[in-house]
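>>> how would this look folded up:
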Amino acid sequence: MIAGWLALAFIAFATLAPIQDRPMVANLHLEHFAAFAAMGLAFAVGSPRRPIVIAATMVASAVVLESLQLLTADRHGRIVDAFVKATGGVCGVGIGQVIASWLSRIEIRLALPAKSRY
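Modelled structure (predicted):
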């Protein structure tokens, strides 16, 4: 869960910082999608029983951060960017749910006594 909050803080910085301070690694939409997917994944693994709340938080974060860019002098908020970010976040939550499901199955298998062949 802490990793999710740290990811959100970094994304907020990268989204709202002056454009020259923004880290650039790849294509903008790929960066947006990947950053939100990583954040959604971190939140989903940290709190696997709340996927709807986490997905809604990803969508709200995308919309709020894009809206806040309208208040900065050198940034611009765009609907397509909010959509890409929200999609990445929801995909990350989905992947986190799959991972959490696998982990719980592994735990169940490890907890069950081995069957005897005799």
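
>>> CA only for contacts and neighbour counts going forward, please
Fine.

>>> same question for stretch 65-77, mean pLDDT?
Averaged over stretch 65-77, pLDDT sits at 90.

>>> Need the contact partners of it.
By C-alpha atoms under 8 Å, 6 or more residues apart in numbering, the residues outside stretch 65-77 that reach it are 12, 15-16, 18-19, 78-79, 81-82.

>>> Buried residues, the worst-scoring helix or strand of the chain on mean pLDDT. List them.
The helix or strand of the chain with the poorest confidence is helix 79-111; it has a mean of 90 (mean pLDDT, DSSP states H and E). Neighbour-count burial for helix 79-111, counted by 16 or more other C-alpha atoms under 10 Å, picks out 81-100.

>>> just stretch 53-65 next, same as before
Residues of stretch 53-65 classed as buried: 54-55, 57-59, 61-63, 65 (neighbour count, 16+ other C-alpha under 10 Å).

>>> who does the least confident helix or strand of the chain touch, helix- and strand-wise?
helix 28-46, helix 51-69 (3 or more C-alpha pairs under 8 Å, 6 or more residues apart in numbering; DSSP states H and E).

>>> What angle do helix 51-69 and that helix make with each other?
150 degrees (axes from the mean of the first three to the mean of the last three C-alpha atoms, to 10 degrees).
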